[in-house]
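Novice: this one's structure only:
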């Protein structure tokens, strides 16, 4: 098989590798496409310390069942599938069911250095992490399930379904998925704060209204659009400045979810939390419930999902594409690497 290998920080190569066979309870997936996540870009540059030279990254994958390990039922060879990258040991399934991301013994496909992940033409995944998809769904939509699951989980963390006015800070791929997750919760009047005009145009095609935070203070612009501050805000950027905007633009007693991970350390105005009783919660990955909800929604093949994909590129072009994304080439949405060509 062919695979995209991180040979060194800032360098990727397409190499030939020997594929593994599925063991008991495992599924071998023939990967069709894998999305490039922002964390993959940070791994490529070495910025996040969560990728290691020599590994095969990729956690936003879709493909077909190639073969089944002993004891696997409910799946058939050829079935289109995606996979939940958060893997926990068998002995943790009962205790951490519905909150698998909290298991101290979890690992994440695409992050664990010794695990062949979905920037390879063939990869193995535990059967319980494999989700069947409808055969009539555009296969590339399956690569959008994982980022949508991130957004679904974040929206649930702040009980967005009970809100009326929602702000999203950051209009990149996660912010775009948050717009869709909020729509899943019945919130269709969403404001997105984003500096990049191409990303603003994309989220407007998703049905959101947009503001440019460089023009005027975010709270002032939110008040102008809503007549008040937001009930809930989801920060899909994760920097000190974005958190400050999120808190200031959320009403007293409102909730803010930090889902972006741009910076490992933040400075914030503690008084904006305490004196106006705002809540600030974190969101990491997703539960299996959130992942399945995202897969179910995406499996219905909503036409709006196509707006999330900026382009699809062959595997041989992936090293160049990674370098361009790392240099902020202006791509507004998701880039998918096709491994089936």
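Specialist: That came through fine. Keep in mind that this is a model prediction, so the values were computed, not measured.
Novice: in a helix, residue 20, correct?
Specialist: No. Residue 20: not assigned to a helix; according to DSSP: H, G, I helix; E, B strand; the rest coil it is coil.
Novice: please name the nearest non-neighbouring residue to it.
Specialist: Once flanking residues are discounted, residue 20 sits nearest to residue 124: 5.1 Å by Cβ to Cβ, 6 or more residues apart in numbering. Glycine gets a C-beta too; all of them are placed from N, C-alpha and C.
Novice: ok, now which ones touch that neighbour?
Specialist: With contact taken as Cβ atoms under 8 Å, 6 or more residues apart in numbering, residue 124 is in contact with 20, 21, 22, 23, 26, 27, 28, 29, 116.
Novice: what pairs with the fifth one across the strands?
Specialist: Note on residue 26: beta-bridge partners residue 126, judged by DSSP bridges.
Novice: that one against residue 125, yeah?
Specialist: Yes. With contact defined as Cβ atoms under 8 Å, residue 26 counts as touching residue 125 (6.8 Å).
Novice: how about stretch 292-304: buried residues?
Specialist: Using 16 or more other Cβ atoms under 10 Å as the test for burial, stretch 292-304 gives 292, 293, 294, 295, 297, 298, 299.
Novice: whoops, stretch 213-233 was the one
Specialist: 213, 218, 219, 221, 222, 226, 229, 230, 231, 232, 233.
Novice: next step: those residues restricted to strands.
Specialist: Of the buried residues of stretch 213-233, the ones assigned to strands by DSSP state E are 230, 231, 232, 233.
Novice: list the residues that contact the last one.
Specialist: When contacts are counted by Cβ under 8 Å, 6+ apart, residue 233 touches 166, 167, 168, 169, 246, 247, 249, 250, 254, 255, 256, 257.
Novice: who's more crowded, residue 26 and residue 125?
Specialist: Comparing residue 26 with residue 125 by neighbour count (other Cβ atoms under 10 Å), the higher total belongs to residue 125, at 25 against 22.
Novice: re the thing from before, now rank the contacts of residue 124 by neighbours and give me the top one.
Specialist: Going by other Cβ under 10 Å, residue 29 tops these with 27 neighbours.
Novice: in TSV, list the ones in strands among the buried residues of stretch 213-233 along with distance to residue 68 and pLDDT.
Specialist: TSV is the format used below for those (distance: Cβ to Cβ, whole Å; pLDDT from 0 to 100):
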residue	distance to residue 68	pLDDT
230	47	97
231	46	97
232	42	97
233	44	98
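Novice: quick check: the farthest pair among these?
Specialist: 231 and 233 (8.4 Å; Cβ to Cβ).
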